[in-house]
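Undergrad: Prediction below, plus the sequence it came from.
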Amino acid sequence: MDKGALFTTTVLMSALPTMFMALYAKLPLALAPGMGLNAFFAYTVCLVMGYSWQFALTAVFLEGLVFLLLTVTNLREKIVDVLPASLKNAISAGIGLYIAFIGLKSAGVIVDNSATLVSLGDLTSGSALLSVIGVVITSVLLIKNVRGALLFGILLTTLIGLPMGVTKIEGVFSVPPSIDPIFLKFEWTHIFTKDMAIIVFTFLFVDLFDCIGTVIGVANRANLVKADGKIPRLKEIFMVDSISTAAGAAMGTSTVAVYVESAAGVNEGGRTGLTSMVTGVCFLLALFFAPLFLAIPAAATTPVLVLVGLMMMGSVRSIDFNNYSEAIPAFVCVLLMPLTYSISEGIVLGHLCYIFVNLLSGNFKKVTIGMYILAAFFLIKFIV
């Protein structure tokens, strides 16, 4: 796919859906083409299975339409209601560990290890050292209650990276490339094949539970969840997500989704759609100042991800760890999000654990019909 066109589309499909969220759902949630699903798009569908990127875009478009159908029929809201309270609290904490792990990995603080899977990187130089400096600086700003501590932490860390050679500025202004090479490039010849059904199901499953997990986690952090456990304007959130996914495919990008870094805005006090609107406008500015924004190294954003992860861990206080029938599934959910590098897998395995542990312990009344239906859906996913 044309790299320049992809850049422009990525910015547009981050800015416009986020502004749509601001105006329609009026909540501090931002959207962008999702990490993870873009890897499935490129490596699995195109490289391993051998299909064209046009075929993959068609699958994403169909997934968006199915998502829209699930939203209109309120099925997505019902899925959220089915999840037990302990798992909802675990999801928020699990996402905290997950995004902290993403930050540490992107800066080289955590690296691959063939013997132990992961290990500590070299903290004496380069990106890893800069990220450690950034965590310390941003932590001090937070402790001192400096308004905008996370943003100032990014800027200061970026500046410190200049003499270290980590931050490299290669310009300020750029003209965005045309999206014509990837706009409306669908391929309809294989839509009734088994492979298409499996690919659409996979996109749908991961997007569905990544979105649910992110919304629950960010809503918990923002104290937006009502006393009865309901999340306000949930249907509107899902409507924006599903329409954006279908529109994103038409524009030439992989699945657009609510993303976990929305918690950064919430932690700075964002509670309304104004936060999303400002975020969307900033995305549009990035379209013309790409070299400047791209100069910010991963090490400068690592402190924000780590500290926001810390803040999201607070939800574990609502889990009754003396009740093992609630605590064990919750722990499985929290643990497996970072270890599987997937929000959806953590939710799936935590939910299945909840059902099996309680059934085998004789707690039959704790498992509802909706939980059984959801578990069957999860098992189908593993079989497929």
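TA: Right, received. Where do you want to start?

Undergrad: The residue nearest to G165 when sequence neighbours are not counted: how many residues sit nearby?
TA: In space, and not counting its chain neighbours, G165 is closest to G126: 8.0 Å by CB to CB, 6 or more residues apart in numbering. For glycine as for every other residue, the C-beta is placed from the backbone atoms N, C-alpha and C. As a burial measure, G126 scores 18 neighbours (other CB atoms under 10 Å).

Undergrad: shift numbering so it begins at 22
TA: With 22 as the first residue, the last one maps to G147.

Undergrad: which stretches of the stretch 72-221 of the chain form strands?
TA: 131-134, 138-141 (DSSP state E, counting those that start in this stretch).

Undergrad: go on, the stretch 272-405 of the chain?
TA: 277-279.

Undergrad: Mind jotting down where the helices sit in it?
TA: For the stretch 272-405 of the chain, the helices defined by DSSP state H, counting those that start in this stretch occupy 283-288, 294-309, 311-315, 319-333, 345-361, 364-381, 390-404.

Undergrad: before we move on, the earlier item: for A311, which of the strands of the stretch 72-221 of the chain is the nearest?
TA: Shortest distance between A311 and the strands of the stretch 72-221 of the chain, using CB to CB, is found for strand 131-134: 28.1 Å.

Undergrad: by contact count, what packs against the closest one?
TA: helix 106-127, strand 138-141 (3 or more CB pairs under 8 Å, 6 or more residues apart in numbering; DSSP states H and E).

Undergrad: Just name the most buried of these.
TA: helix 106-127 (a mean of 24; mean count of other CB atoms under 10 Å).

Undergrad: by how many degrees do that helix and helix 319-333 diverge?
TA: Here helix 106-127 runs at 160 degrees with respect to helix 319-333, directions being taken by axes from the mean of the first three to the mean of the last three CA atoms, to 10 degrees.

Undergrad: now for helix 106-127, which elements pack on it?
TA: Partner elements for helix 106-127 (3+ CB pairs under 8 Å, 6+ apart): strand 131-134, helix 215-242, helix 319-333, helix 345-361, helix 364-381.

Undergrad: circling back: could I get the helices of the stretch 272-405 of the chain as JSON lines with mean pLDDT?
TA: Formatted as JSON lines, the helices of the stretch 272-405 of the chain follow (pLDDT from 0 to 100):
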{"stretch": "helix 283-288", "mean pLDDT": "83"}
{"stretch": "helix 294-309", "mean pLDDT": "92"}
{"stretch": "helix 311-315", "mean pLDDT": "82"}
{"stretch": "helix 319-333", "mean pLDDT": "87"}
{"stretch": "helix 345-361", "mean pLDDT": "93"}
{"stretch": "helix 364-381", "mean pLDDT": "90"}
{"stretch": "helix 390-404", "mean pLDDT": "84"}
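
Undergrad: Tell me how many other residues crowd V239.
TA: Neighbour number of V239 under other CB under 10 Å is 29.

Undergrad: Against D23, how distant is it?
TA: 33 Å (CB to CB, to the nearest Å).

Undergrad: related to what we said a few turns ago, can you add mean pLDDT and distance to Y345 and give the helices and strands packed on strand 131-134 back as CSV?
TA: Shown next, in CSV, are these (pLDDT from 0 to 100; distance: least, CB to CB, whole Å):
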stretch, mean pLDDT, distance to Y345
helix 106-127, 87, 11
strand 138-141, 92, 28
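
Undergrad: Go through the ones you listed and name the closest to D249.
TA: helix 106-127 (10.6 Å).

Undergrad: As a quick check, tell me the outermost residue of this structure.
TA: When distances are taken from the C-alpha mean of the chain, G383 lies farthest, 35.7 Å away, according to CA atoms, centre = their mean.

Undergrad: Pull up the gap between that one and S346, please.
TA: On the measure of CB to CB, G383 and S346 end up 10 Å apart.

Undergrad: Could you do L225 as well?
TA: Distance from L225 to S346, by CB to CB: 31 Å.

Undergrad: same question, F88
TA: 33 Å.

Undergrad: and these two? which has more neighbours close in?
TA: Per other CB under 10 Å, whichever of F88 and S346 has more neighbours is F88, with 25 against 16.

Undergrad: Could you chop the chain up by domain?
TA: If you go by automatic domain parsing, the domain ranges for the chain are 24-333, 334-404.

Undergrad: Verify the stated contact: A321 with G182.
TA: Yes. The pair A321 / G182 is scored as a contact, 6.5 Å apart, by CB atoms under 8 Å.

Undergrad: More neighbours: these two, which one.
TA: Legend: neighbour count by other CB under 10 Å for A321 and G182, higher for A321 (27 against 24).

Undergrad: That one: what's it in contact with?
TA: When contacts are counted by CB atoms under 8 Å, 6 or more residues apart in numbering, A321 touches L151, S152, G155, G174, I175, L176, T178, T179, G182, T188.

Undergrad: cool, and G294?
TA: So G294 contacts M42, A43, L44, A46, K47, L48, P49 (CB under 8 Å, 6+ apart).

Undergrad: Determine which stretch of the helices and strands packed on helix 106-127 is the most buried.
TA: Of the helices and strands packed on helix 106-127, helix 319-333 is the most buried (mean count of other CB under 10 Å), at a mean of 24.
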